[in-house]
Every structure is written in C-alpha cells, then in structure tokens.
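Visitor: Sequence and predicted structure below; questions after.
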Amino acid sequence: MKKINLAITGCLGRMGRQIIKSARSDKNFKIVTLTENRVIKNNINGIKPCLNTIEAFKKANLIIDFSVPKCTFEILKISNKLRKKVVIGTTGFSKKEENLIKKYSRKIPILKAGNMSLGINLLMFLTEIASKSLGDRFLSKVFEIHHKHKKDHPSGTALMLGRGIATGKNKEFYKLMGKKYLNKKSFPYGKKINFNSLRKGEIIGEHEVAFSSGKEIITLNHEAFDRALYSEGALAAAKWLNNKKPGLYSMRDVLNFS
C-alpha cells in the first residue's frame, strides 16, 4: 500500500500530539504537514508547524482535524478547493455548522465522528437498539466525565449517544434535546434527553447512558484509559476514507455496523 501523505491540524493539542505519535509508528502514513492556529517557532518531529493555508495542505492526501469549529471550517474551505479528504474529530458544532459540513461532503469525502473508539461506537449502536426496544415507557439521560481542560460540554461523544437515543425512537435529535447540566452531583431523567457533564482531573473519558421506567434502570457505559485508542481509531478512519468518493461518513461505516 502506498503511504498516505497526512496533514494533522491542531498539532499541539492533546489529540494532535497523540495522532503524531501514533502515525509515526504506522507504516501506512507519512506526516507531511502540521498546523496550528498560531505561529509556532519550533519544529515538531522535523516538521515546521504552519497556519491553515492552501500552501500548507498541497502535499497532503488527507487531513485529520482535531481543533476547534472555527479552524475546522478554515480547513474545509481549503480542502474543498484542493479536493482533499478530511477526518473530523473536532466537537462542539452547532446545528447550522453540522448542516454546513454536510454541504462540503457533497464535494469531498468527509468522515466525522465525535469519538473514534471502537468501544464508544459499539456503545452508540447498543444505545440505539435499547432505545428502540424500550420505547417511550422509559425516560433517558446521558452522563459524561472528562479532564478539567475540556472546554465544550456536553462532549461530542455525549451528543453522539443522545443522537443514538433519538434514532432508536425514530425522532429528530434536536427536538429531543433536554437540559444541559455542568458539574452536578445528580440530574433528572426527562421526557427529553438531559445531559450532565463533569470536568475534573485528567480523566480521559467516561460516558453513561441510562434508561428508567421508574421501576427499573438500565445503564450502558464506557470508560477510556488510554488516549491512543482515539488516535488509532482516527488513523483507521483515515485509511478507510482514503479510497472513498465524496460523502459524509461515520465510524459506523468504518466498523460496518448495520
């Protein structure tokens, strides 16, 4: 297999650094570009980080983006001009921004996932099944914990799981979205999906979906111990996307969940 020339955005972020580490040990990739949203003086692994420009991405076949929404759209605008493939792990998009990503995917292949891990994507699949099976008799809620540095809440993964609940009920997610709590010790179930986010320490990620009928509670959960599972998932997504036509894909497509 010919090596994929890879560009990594947000290269100084937690995920950016982890993807660099994982890609260096994967023979399928050659890192050709690293970018940040500010000028960086020092080289990283022999590469001078640069800003998100057309020139920066010319040598890349594919871009892995773990940044912030503003930077993601800079990258998508450039990728659209250069016809580059993009794996998006950035979270915190609004509904309007989600729709804009769909528009870009008509011209270029995009794989977007709030979480790249096999376990989380299996959890979402099981969430859909549970939601469909339990029906409206059960109320639901989503709880997540991340490190104190994480800015957005609920996490992209928590929102993914919320979408899983909505999909199981065959309802539109944004109409089912309930209240969003931050750092609450407890929070209620509701007819809409309530979320609670806890930020503390250096926790990589914990997620729980709970369903309650008032007489019983069913919980599905996942805990991450190593950030490498996300970077390895992102690289697996990149390999899968490399030969795909324009469209908007997810980790479910990569993992062939049906």
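Guide: Structure received.

Visitor: need the contact list for the residue nearest in space to the middle of the chain.
Guide: Among the residues of the chain, the one closest to the centroid is Gly114, at 2.1 Å (CA atoms, centre = their mean). Listed by CB atoms under 8 Å, 6 or more residues apart in numbering, the contact partners of Gly114 are Gly89, Thr91, Ser155, Gly156, Thr157, Leu159, Met160. C-betas here are computed from N, CA, C, even on glycine.

Visitor: Just confirm it is within a helix.
Guide: No: looking at Gly114 with DSSP: H, G, I helix; E, B strand; the rest coil, it is coil, so not inside a helix.

Visitor: could you list every residue that touches the closest residue to it other than its chain neighbours?
Guide: Residue nearest to Gly114 in three dimensions, not counting chain neighbours: Gly156, with 3.0 Å by CB to CB, 6 or more residues apart in numbering. Contact partners of Gly156, counting by CB under 8 Å, 6+ apart, are Thr90, Thr91, Gly92, Gly114, Asn115.

Visitor: returning to that earlier point: using a markdown table, lay out the contacts of Gly114 together with secondary structure.
Guide: Formatted as a markdown table, the contacts of Gly114 follow (three-state DSSP):
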| residue | secondary structure |
| --- | --- |
| Gly89 | coil |
| Thr91 | coil |
| Ser155 | coil |
| Gly156 | helix |
| Thr157 | helix |
| Leu159 | helix |
| Met160 | helix |
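
Visitor: Among those residues, list the two that are farthest apart in space.
Guide: Taking CB to CB as the measure, those span a maximum distance of 13.5 Å, between Gly89 and Leu159.

Visitor: quick one on the thing from earlier: what's the PyMOL syntax to select whichever of the contacts of Gly156 are buried?
Guide: Buried members of these, defined by 16 or more other CB atoms under 10 Å, are picked up in PyMOL with:
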select buried, resi 90+91+92+114+115
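
Visitor: closest to Ile101 among the contacts of Gly156?
Guide: Thr90 (9.9 Å).

Visitor: Looking at the closest one now. What's its pLDDT?
Guide: pLDDT, Thr90: 93.

Visitor: With Leu12 as the reference, measure out to it.
Guide: 15 Å (CB to CB, to the nearest Å).

Visitor: ditto for Gly92
Guide: Distance, Gly92 to Leu12, by CB to CB: 18 Å.

Visitor: And the chain, split by domain according to the record?
Guide: 4-112+227-255, 118-224 (automatic domain parsing).

Visitor: Off-centre distance for the last one?
Guide: Think domain 118-224. 15 Å (CA atoms, centre = their mean, to the nearest Å).

Visitor: tell me what the helix or strand hosting Glu98 is packed against?
Guide: When elements are assigned from DSSP states H and E, Glu98 belongs to helix 95-104. Contact here means 3 or more CB pairs under 8 Å, 6 or more residues apart in numbering; DSSP states H and E; on that basis helix 95-104 packs against helix 69-82, strand 109-112.

Visitor: And the strands in this structure?
Guide: Assigned by DSSP state E, the chain shows strands spanning 4-9, 29-34, 62-65, 85-88, 109-112, 139-146, 177-182, 193-199, 205-212, 217-224, 247-249.

Visitor: For the third one, enumerate its sheet partners and note whether each is parallel or antiparallel.
Guide: Sheet pairing of strand 62-65 (DSSP bridges) gives strand 4-9 (parallel), strand 85-88 (parallel).

Visitor: what's the answer for the fifth one, then?
Guide: Strand pairing for strand 109-112, using DSSP bridges, gives strand 85-88 (parallel), strand 247-249 (parallel).

Visitor: Including distance to Ile78 and mean neighbour count, could these go into TSV?
Guide: Formatted as TSV, the strands paired with strand 109-112 follow (distance: least, CB to CB, whole Å; neighbours: other CB atoms under 10 Å):
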stretch	distance to Ile78	mean neighbour count
strand 85-88	10	26
strand 247-249	18	17
